[in-house]
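Asks: quick check, what structure comes out for this input:
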Amino acid sequence: MEKTNKGSCHCGRVTFGLRAELGAIVECNCSLCSRKGALWHGNDGAHFEILTGKDDLVLYQFGTMTAKHYSCRQCGISTFSRPRIAPTAWVVNVRCLDGVDISSLKTHAFDGQNWEQSAQRFVQSRTQGAV
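Replies: I've put the predicted structure just below:
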């Protein structure tokens, strides 16, 4: 069952809504995600909305410059991104959602240190309905 989840950065300038069932999350071990400690939930964008703070967002890109990582310019918290694997989609940092018990969610590992191979396996599993 879909639920509307509200989230924000630490200082509260950036707020967002995510309409989704949070059955599973993704933990990536790439150089950026592992340093952030981010846990991600992806969505198609139709279920995600930035509510406040668009002017307070800072964009960070690296490597292929495909992914777009957003954080609050005031407190530095990384709230959401447009991932390289699906640049028109959004991934939300579940740690920024209010009232979510992360320990109750199933976590899937994504080997971002070996991105090309992992992305290929991820896309194959999605087309076969595994994830």
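
Asks: so which residues of the chain form strands?
Replies: For the chain, the strands defined by DSSP state E occupy 3-8, 15-20, 24-28, 40-43, 48-52, 57-60, 68-72, 78-82, 90-93, 106-110.

Asks: now the fourth one: how far from the chain's centre is it?
Replies: By that I understand strand 40-43. Here strand 40-43 is found 5 Å from its chain centre; the criterion is C-alpha atoms, centre = their mean, to the nearest Å.

Asks: likewise for the second one?
Replies: Averaging C-alpha positions (C-alpha atoms, centre = their mean) puts strand 15-20 11 Å from its chain's average.

Asks: so what are the sheet partners of that strand and their directions?
Replies: strand 3-8 (antiparallel), strand 48-52 (antiparallel) (DSSP bridges).

Asks: could you dump those strands to a markdown table with mean pLDDT, mean neighbour count and distance to Gly37?
Replies: The way it works is simple: take the backbone N, C-alpha and C, and place the C-beta from them, glycine included. Converted to a markdown table, those look like this (pLDDT from 0 to 100; neighbours: other C-beta atoms under 10 Å; distance: least, C-beta to C-beta, whole Å):
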| stretch | mean pLDDT | mean neighbour count | distance to Gly37 |
| --- | --- | --- | --- |
| strand 3-8 | 94 | 16 | 15 |
| strand 48-52 | 97 | 15 | 21 |
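
Asks: so which of these gets nearest His41?
Replies: strand 3-8 (8.8 Å; C-beta to C-beta).
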